[in-house]
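**Student:** the sequence and its predicted three-dimensional model are supplied below.
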Amino acid sequence: MMRVLLLILWFRNGQELVDKTADKIRNQQGSGGRYQFLSTLLSRKDLSYKDVSIIALSLFADGLNTVC
């Protein structure tokens, strides 16, 4: 039960980070080149926002997995 709760909290916090970063990119507030990968994904017509979000969260989780 605790693992499920931690997973839900991780996903919610990770999704908030993805949403905030996507908003920065859309509003042109991102510093030049800082969000290049996510910006490229968001500009692709063949990817939905859900697809981009899943890719970003997967990369984030993979990075955490490597560090931990």
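**Tutor:** Here it is on my side, so go on.
**Student:** contacts for the helix or strand A56 falls within?
**Tutor:** Secondary structure here is read from DSSP states H and E; on that basis A56 sits in helix 49-67. Residues external to helix 49-67 that are found in contact with it (CB atoms under 8 Å, 6 or more residues apart in numbering): 11, 14-15, 17-19, 21-22, 38, 41-42, 47. Quick note: C-beta positions are derived from backbone N, CA and C, even for glycine.
**Student:** would you mind listing the buried residues in that helix?
**Tutor:** Using 16 or more other CB atoms under 10 Å as the test for burial, helix 49-67 gives 52-53, 56-57.
**Student:** for stretch 15-25, same thing?
**Tutor:** Neighbour counts over stretch 15-25 (16+ other CB under 10 Å) mark 18, 21-22, 24-25 as buried.
**Student:** please work out the average pLDDT along it.
**Tutor:** Along stretch 15-25, the predicted local confidence has a mean pLDDT of 93.
**Student:** what's in contact with that stretch?
**Tutor:** Residues lying outside stretch 15-25 but in contact with it, judged by CB under 8 Å, 6+ apart, are 30, 35, 38-39, 42, 49, 52-53, 56-57, 60.
**Student:** from those, pick the one nearest R3.
**Tutor:** Comparing the contacts of stretch 15-25 against R3 with CB to CB picks out L57 as the nearest, at 17.3 Å.
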